[in-house]
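K.L.:
Sequence below, structure please.
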Amino acid sequence: MMFIHQERMESPGRSATAPQLPATKAQSQRHLLIVPNHKSPYVPMDGKLSKSTMIKDAASTMNVNLKTGGTVTNAVYVNRKRIYPAFENSVLFITSTDMVITLTIPEINTKVVYRSSSISIDLPYTLFGGNTEGQCGTCDNSQNNDCRSPNGQVDSCSDSAGQWQVPGTPCVTPTTPTITTSPTTSSKPPTTTQPPCKPPICNILTSSVFKACHKVVPPGPFVTGCVFDNCNLGNKTCTSLEAYATECSNEGVCIDWRNATNGRCEQTCPSNKVYKACGSSVEPTCNNRYNKKFDTDTNASTNNTTEGCFCPPGTILFNTVYDICVASCDCVGPDGKPKKPGDTWISGCNTCKCDKDSMSIQCEPAPCPTVQSPVCSGPGQQLVNNTDGCCTTQSCDCNVNLCPGPINCPLGFQLNITSGDCCQSYECVPKGVCVYDMNEYKVSPNSI
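P.N.:
Coordinates of the predicted model:
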């Protein structure tokens, strides 16, 4: 991962590049800590967490995470709670697109731009001059001490990188790529000379594509980084171009550069979005209160743009939670999602539709099927009304209080009890005896 530390001077200065910057101190009363590749215990692991950066000051802790779960998405947490940028509180202001998350701390005039492959940290020299520490060294507009170790000694970046780490966390010290050259001997000169590595893609940085930014942010350090990455790392083709475009954007110069790379740095957007190099930093939504709060403008000004995936022309973002582009903002279903004109749905006990003419939601009681009432003629049965969802149905229910009681049988008969669906039934059956003078006598088998 590449990190760019930009020091803003009162007079035009230059940017300094360095591999990482985990910690920054602003004056004695403020402390700003930035930890890349941080594993936060406060972020729910409901997706595969591939990248995470913690940004912490005295009032807030912000975790920026890149989650993969089929698709790559940004997730931002402030004080353990997930928020959906744009977001603003008394300390910080956060905006985001599918590609870029930007954190601004107005009180100390600081901006942190987070991407999947880089972090750009923009600091004012008046506050941070000589008052930073970490893998970018001291903020003094000099690259000579950018790779200073915690003991104050200036080492190579590969040696000092693993020394700046959060206490108690593991850190793998990066290895310097091996650059090989052809061996030579005094007796036999080499038969071939390896041509110098000059990646054509790095020429874009000094071409007319970035011309508008050259006087604002000199491209030299980025060209050096681009050549090194492409000649030695192989898979870092677009990192330096992306980093330079970010610094240009920080200075109010938006550069549309990806089309000049012949597809090598093409950005793929979700099927419902289109790529814009200079889109609005806060994309307008169907929520007018949200738009007014962040003063969004569909035609983004040059000084307030960012690249990313945006809703295509003729559509607008429904809201920042569902990330759905809609052609109109007229109807909202009970689930909070948009409904198109002509759509119908069930809400409670009502059938609702998004009316095409009035562009409003109209609801009517849901119709119930016509059913014939059952005949409850059995012992103990009674007709009962039941509420099944939104409709009333009738059934024959058993009420034991309505069941007939036992009967008294005359002499010579006995009570026979059988169980029914609801009640017990009672019947007097002969005992097989003789009754004489109000007495029962057994009948002898041999009697005539």
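K.L.:
from here on, contacts and neighbour counts on C-alpha atoms
P.N.:
Noted.
K.L.:
Please, where are all the strands along the stretch 101-250 of the chain?
P.N.:
101-105, 110-114, 118-124 (DSSP state E, counting those that start in this stretch).
K.L.:
Name the residues of the first one that are buried.
P.N.:
In terms of neighbour count (16 or more other C-alpha atoms under 10 Å), strand 101-105 has its buried residues at 101, 102, 103, 104.
K.L.:
does the first one really touch residue 95, like I thought?
P.N.:
Yes. At 5.9 Å, residue 101 and residue 95 qualify as touching, with contact defined as C-alpha atoms under 8 Å.
K.L.:
Next, count neighbours for residue 155.
P.N.:
14 (other C-alpha atoms under 10 Å).
K.L.:
Check the one 3 residues further on too.
P.N.:
When neighbours are counted by other C-alpha under 10 Å, residue 158 registers 15.
K.L.:
go on, residue 359?
P.N.:
16.
K.L.:
can I assume residue 291 sits in a helix?
P.N.:
Yes. Residue 291: assigned to a helix according to DSSP: H, G, I helix; E, B strand; the rest coil.
K.L.:
how about it, what does it touch?
P.N.:
Residues in contact with residue 291 (C-alpha atoms under 8 Å, 6 or more residues apart in numbering) are 284, 285.
K.L.:
one more time with 10 Å
P.N.:
Residues near residue 291 by C-alpha atoms under 10 Å, 6 or more residues apart in numbering: 86, 282, 283, 284, 285, 297.
K.L.:
Now do it against residue 92, distance only.
P.N.:
Going from residue 291 to residue 92 by C-alpha to C-alpha, to the nearest Å gives 18 Å.
K.L.:
And the pLDDT for residue 354?
P.N.:
Per-residue confidence at residue 354 stands at 90 (pLDDT).
K.L.:
Contacts only, for it.
P.N.:
330-333, 338-345, 360-363.
K.L.:
Narrow the residues you listed to just the buried residues.
P.N.:
Neighbour-count burial (16+ other C-alpha under 10 Å) is assigned, among these, to 330, 331, 333, 338, 339, 340, 341, 344, 361, 363.
K.L.:
what would the residues you listed look like in JSON lines with pLDDT and secondary structure?
P.N.:
As requested, the buried ones among the contacts of residue 354 are exported to JSON lines (pLDDT from 0 to 100; DSSP: H, G, I helix; E, B strand; the rest coil):
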{"residue": "330", "pLDDT": "81", "secondary structure": "coil"}
{"residue": "331", "pLDDT": "87", "secondary structure": "strand"}
{"residue": "333", "pLDDT": "85", "secondary structure": "coil"}
{"residue": "338", "pLDDT": "89", "secondary structure": "strand"}
{"residue": "339", "pLDDT": "88", "secondary structure": "strand"}
{"residue": "340", "pLDDT": "86", "secondary structure": "coil"}
{"residue": "341", "pLDDT": "86", "secondary structure": "coil"}
{"residue": "344", "pLDDT": "91", "secondary structure": "strand"}
{"residue": "361", "pLDDT": "88", "secondary structure": "strand"}
{"residue": "363", "pLDDT": "91", "secondary structure": "strand"}
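K.L.:
ok, which pair from those residues is furthest apart?
P.N.:
Spatially, the most separated pair among the buried ones among the contacts of residue 354 is 338 and 363, at 16.1 Å (C-alpha to C-alpha).
K.L.:
Quick check: can you list the domain ranges of the chain?
P.N.:
If you go by automatic domain parsing, the domain ranges for the chain are 2-167, 274-326, 331-365, 404-448.
K.L.:
which among the contacts of residue 354 gets closest to residue 136?
P.N.:
Residue 136 lies nearest to residue 338 out of the contacts of residue 354, by C-alpha to C-alpha, at 47.0 Å.
K.L.:
so what's the closest one bridging to?
P.N.:
residue 332 (DSSP bridges).
K.L.:
my read: it touches residue 326, true?
P.N.:
Yes. Under the criterion of C-alpha atoms under 10 Å, residue 338 makes contact with residue 326 at 7.6 Å.
K.L.:
overlap in contacts of those two?
P.N.:
Contacts common to residue 338 and residue 326, judged by C-alpha under 10 Å, 6+ apart, are 286, 318, 319.
K.L.:
can you tell me which residues contact the first one?
P.N.:
Contact partners of residue 286, counting by C-alpha under 10 Å, 6+ apart, are 316, 317, 318, 319, 320, 325, 326, 328, 329, 330, 338.
K.L.:
will you turn those into CSV that also has secondary structure?
P.N.:
Output for the contacts of residue 286, formatted as CSV (three-state DSSP):
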residue, secondary structure
316, strand
317, strand
318, coil
319, coil
320, coil
325, strand
326, strand
328, coil
329, coil
330, coil
338, strand
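K.L.:
And these, which two are furthest apart?
P.N.:
Going by C-alpha to C-alpha, the pair spanning the contacts of residue 286 furthest: 320 and 330, at 16.8 Å.
K.L.:
about what we covered before: and which of the contacts of residue 354 is nearest to residue 226?
P.N.:
Distances from residue 226 to those, taken by C-alpha to C-alpha, are shortest for residue 338, at 44.8 Å.
K.L.:
Low-confidence regions, the stretch 151-300 of the chain specifically.
P.N.:
The model of the stretch 151-300 of the chain has pLDDT under 70 over residues 167-194, 234-236, 296-300.
K.L.:
hang on, isn't residue 413 packed against residue 407?
P.N.:
No. Assessed by C-alpha under 10 Å, residue 413 is found out of contact with residue 407, at 11.4 Å.
K.L.:
And those two? Which one has more around it.
P.N.:
Neighbours were counted for residue 413 and for residue 407 using other C-alpha under 10 Å; residue 413 has more, 16 against 12.
K.L.:
How about the contacts made by that one?
P.N.:
Counting by C-alpha under 10 Å, 6+ apart, residue 413 has contacts 427, 428, 429, 430, 431, 432, 433, 440.
K.L.:
what's the single longest helix in this protein?
P.N.:
helix 239-250 (DSSP state H).
K.L.:
so what does that helix touch, helix or strand wise?
P.N.:
If you count contacts as 3 or more C-alpha pairs under 10 Å, 6 or more residues apart in numbering; DSSP states H and E, helix 239-250 packs onto strand 2-8, strand 110-114, strand 118-124, helix 211-214, helix 220-228, strand 305-310.
K.L.:
between that helix and strand 305-310, how many degrees?
P.N.:
Put simply, helix 239-250 runs at 120 degrees to strand 305-310, going by axes from the mean of the first three to the mean of the last three C-alpha atoms, to 10 degrees.
K.L.:
distance between helix 239-250 and the chain's centre?
P.N.:
Its chain's C-alpha centre lies 24 Å from the corresponding centre of helix 239-250 when counted by C-alpha atoms, centre = their mean, to the nearest Å.
K.L.:
one step back: ok, the buried residues of strand 101-105 vs residue 351, which is closest?
P.N.:
residue 101 (41.4 Å).
K.L.:
what bridges to that closest one?
P.N.:
Beta bridges link residue 101 to residue 96, residue 114 when assigned by DSSP bridges.
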